[in-house]
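In: next input, structure requested:
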Amino acid sequence: VFLPRMASAITVLRRSLVSPTVPTSASSPAPPLSNFDLALQNAQYNQRILLYSQPQRLDSFVVERLKKSLAQALVYFYPLAGRLSDIYKHPGRLNVLCNDAGVEFIEARSHCTLAEMLDCRKPPVLYELAPMSRVSSMDGVRLPLLAIQ
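Out: All right, here's what the predicted structure looks like:
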């Protein structure tokens, strides 16, 4: 699909990696990838866009609190902070390597209104909202399995 190049609606302010607050134990089980997961390894990342209204007071405290909450949640959902590996448990077959490499956390700002972003005649804006747009699942070997913007 050809998408015309437009002026960016999203300005990235900062990128960081967020890891679990408690390091993942070497004995923590890595979830096996199912045959369904493996069949999708050449597909694009699964994207979800959730939009929220802007809080009354948006400052660095709010962003830091979001990052801290994410780090605490990753203690229980530690595979999301890992990467894909084809050498971990079953050589030649993709596995989740639970190495606490981190989830990408992107702070961004937009000059567009919500109505402008949801205007169906401007689909490139939606691609900008999903940080892993046009990324293949196989890229999970080098890229985070989860990115939040």
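
In: quick one, phi/psi of residue 83?
Out: Per-residue torsions, residue 83: phi -140, psi 160 (degrees, to the nearest 10).

In: from residue 109, how far out is it?
Out: Here residue 83 is placed at a distance of 29 Å from residue 109 (Cβ to Cβ, to the nearest Å). Any C-beta I mention is one placed from the backbone N, CA and C, and that applies to glycine too.

In: out of these two, which sits in the more crowded spot?
Out: Each of residue 83 and residue 109 has its neighbours counted (other Cβ atoms under 10 Å); residue 83 has more, 21 against 9.

In: residues touching that one, list them.
Out: Neighbouring residues of residue 83 by Cβ atoms under 8 Å, 6 or more residues apart in numbering: 96-97, 99, 101, 140-145.

In: next: residue 96.
Out: 30-31, 33, 79, 82-85, 88, 145.

In: ok, longest helix in the protein?
Out: helix 60-76 (DSSP state H).

In: contacts for it?
Out: 16, 18-22, 55, 80-81, 103, 105, 107, 148.

In: and the helices in this protein?
Out: Using DSSP H, helices in the chain cover 35-39, 60-76, 114-117, 123-129.

In: in the longest one, what counts as buried?
Out: In other words, helix 60-76. 67, 70-71, 73-74 (16 or more other Cβ atoms under 10 Å).
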